[in-house]
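I would like the atomic coordinates for the input below:
(one chain, ligands or ions: 1)
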Amino acid sequence: MAPHTAQAPTDQPAERAAWLRAELDRANYQYYVLDQPELPDAEYDRLFLELQRIESEHPDLITPESPTQRVGGQASSGFAPVHHAVPMLSLNNGFTDEDIVAFDKRVADVLHSESVEYACELKFDGLAIALRYENGRLVRAATRGDGATGEDVTQNVRTIRSIPLKLKGDRVPRLVEVRGEVLMFKRDFERLNARQREAEQREFANPRNAAAGSLRQLDPRITAHRPLSFFSYGIGELDGIEMPGTHSALLDWYGELGLPVCAERATVNGAQGLLEFFRRIGEKRKSLPYEIDGVVYKVNRREEQDRLGFVSRAPRFALAHKFPAEEAMTELLDIYVNVGRTGAITPVARLKPVFVGGVTVTNATLHNEDEVRRKDARIGDTVVVRRA
Ligand code: I6G
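Sure thing, here's the model as predicted:
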C-alpha cells in the first residue's frame, strides 16, 4: 500500500474532498472487504469529520457515493416493488452422496464429458439480494422476493460498508447486476443480541433472522447500526463487457471491482471433487465466522451452463448440497421426570422420533419446572427441536 499522507496535495476544497473520499474508500475496503485494516480508527474518524465539514460548507461538492452519504435521513413508508429482468432463481438441493453422484452423472451425460469442472462455494445462511451498478455506481438494491419481483432496499443496503457505492479498477461495465447474500457474522450477531438485551428489546433467534430483520427496517438509520455483511456469488444483467467464461473468473472479476467475495471456494473435477469439498467444509463449519447451511456447486464453464439450461425454476447446472437440518418439528408425546443419582429431578420431553442434525431424537431435557412453565410445554403440542 502507498504510504498514507496526512495532508492532501492541495487545500482546494474540491480536490481535498476528492482526496479524502479516496482515502476513506480505501480504508473501508481494507477493513470491510479484505479484513485487513490499515488506517487507525482515530485517523479514519478525523478524515471523515473533515470531509463532513467540507461538504457542509460546500454542499455542491457532495456526491451520492461519498462515504458520508451512506445513511440517508428518511424513513420510508414501505418498499417499492422491483421487477427482476433476469429472474432470481433458487437452487435444487441434494443431501446424500448418492444425490451428488447422480447430479454429476446427469451433467456429464448432457455435456458428453468424462470429467466436469465445477466451482464450489459456501451456501451462506442469509438473504439473497441484487445490486445494480450503472457506470460503476450503485443505483439500486433489491431483495429476491418471489424471484420475479423483489423489494427496493437501496437505502438500507447503502449502509452496509462492505458494499462499494462505486466499483473500482479498469474493467467497470456500463451495467452489472451483482447477486449475493446479505448475512450477519456470528460475533456481530452475539454483540447485537447483547445490545438488544441491555436495551430490553427482543433478541433475534439466529443470525439469519437478525440479517433479514435489519435489512427490512423502514428507517435506514436503524439498519446503519446493524452489523451486516455481504458476499457476491452471481450475476443478473450485464452490459458493456463480455461475460467471463467461467464462474470462477466471474468471482475473480468481482474481487477486482472491489466487491466482497468469500475466499472459501475452489474449482474441482467430478463427483469425487465435490464430495471432498463438502467434507472439508463440513469439518471447518463450526470455526467459520458465519453460518452456512451447505455448499453450492456450479458447472464452471458458462458455455456448458448454457447447454445445460434450466428445469422448472432452477438451473440444471447448479446444486446446493445441504448439511442435515439442525432444526425440525415434531410432536411432544409425554413429559416425565428423571431422577438422577444425586436425587436431582429433571423433567424430560418424550418426542415423536425426528431426524435432526444427522441423528434421530426421541427425548429432550426440559431442564427444570420453571423451564416447563416458561415454554408452556403441553402434551400434544407441536414443538421445534434444535440440536445444540
Ligand atoms: O453461487 C451461490 C452461492 C451461494 C449461489 C447461491 C448461494 O446461496 C447462498 N444461491 C443461489 C440462488 C445461486 N448461487 C444461484
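
Next one: the residue nearest to Leu257 when sequence neighbours are not counted from Ile129, what distance?
Sequence neighbours aside, Leu167 is the residue nearest to Leu257 in space, at 4.3 Å (criterion: C-beta to C-beta, 6 or more residues apart in numbering). For glycine as for every other residue, the C-beta is placed from the backbone atoms N, C-alpha and C. For Leu167, the distance to Ile129 equals 16 Å [C-beta to C-beta, to the nearest Å].

okay, those two: which has more neighbours?
Ile129 (24 against 21; other C-beta atoms under 10 Å).

Okay, and the more buried one sits in which element?
Using DSSP states H and E, Ile129 sits within strand 127-134.

what's the answer for Val337, then?
Val337 belongs to strand 327-339, assigned by DSSP H and E.

in that strand, what's buried?
Neighbour-count burial for strand 327-339, counted by 16 or more other C-beta atoms under 10 Å, picks out 328, 330, 332.

export the worst-scoring helix or strand of the chain on mean pLDDT as PDB, just CAs?
The weakest-scoring helix or strand in the chain, judged by mean pLDDT, DSSP states H and E, is helix 369-375 (a mean of 81). Presented in PDB, the C-alpha positions along helix 369-375 are these (Å, rounded to 0.1, in the frame of the first residue of the first chain):
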ATOM      1  CA  GLU A 369     -40.100 -26.900  36.300                       C
ATOM      2  CA  ASP A 370     -39.600 -23.200  35.600                       C
ATOM      3  CA  GLU A 371     -38.500 -24.000  32.100                       C
ATOM      4  CA  VAL A 372     -41.500 -26.200  31.500                       C
ATOM      5  CA  ARG A 373     -43.700 -23.300  32.600                       C
ATOM      6  CA  ARG A 374     -41.800 -20.700  30.600                       C
ATOM      7  CA  LYS A 375     -42.100 -22.800  27.500                       C
END
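
Tell me which other helices or strands that helix touches.
Helix 369-375 is packed against strand 345-356, with contacts defined by 3 or more C-beta pairs under 8 Å, 6 or more residues apart in numbering; DSSP states H and E.

try 7 Å
Judged by 3 or more C-beta pairs under 7 Å, 6 or more residues apart in numbering; DSSP states H and E, helix 369-375 is in contact with no other helix or strand.

and that helix, which residues are buried?
Within helix 369-375, no residue is scored as buried using 16+ other C-beta under 10 Å.

Next secondary structure element downstream of it?
strand 382-386.

Given that following strand, what are its sheet partners and their directions?
strand 327-339 (antiparallel) (DSSP bridges).

Enumerate residues external to the partner strand that contact any of its residues.
345-352, 354-356, 366, 372, 377, 379-386 (C-beta atoms under 7 Å, 6 or more residues apart in numbering).

how far away is Ser113 from the ligand?
The gap separating Ser113 from the ligand is 21 Å, by C-beta to the nearest ligand atom, to the nearest Å.

Spell out which parts of the chain neighbour the ligand.
Contact residues (C-beta under 6 Å from any ligand atom) of the chain with the ligand: 90-91, 121, 123-124, 128, 181, 233-234, 296, 298, 318.

Could you turn the buried ones of those into a ChimeraX selection?
Selecting the buried subset of those in ChimeraX, with 16+ other C-beta under 10 Å as the burial test, is done by:
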select :91,121,123,124,128,181,233,234,296,298,318
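
Cross the residues of the chain next to the ligand against helices and list the overlap.
Using DSSP state H, no member of the residues of the chain next to the ligand sits in helices.

can you redo the residues of the chain next to the ligand as CSV with pLDDT?
Formatted as CSV, the residues of the chain next to the ligand follow (pLDDT from 0 to 100):
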residue, pLDDT
Ser90, 91
Leu91, 94
Glu121, 98
Lys123, 97
Phe124, 96
Ala128, 96
Glu181, 97
Tyr233, 98
Gly234, 97
Val296, 98
Lys298, 98
Ala318, 98
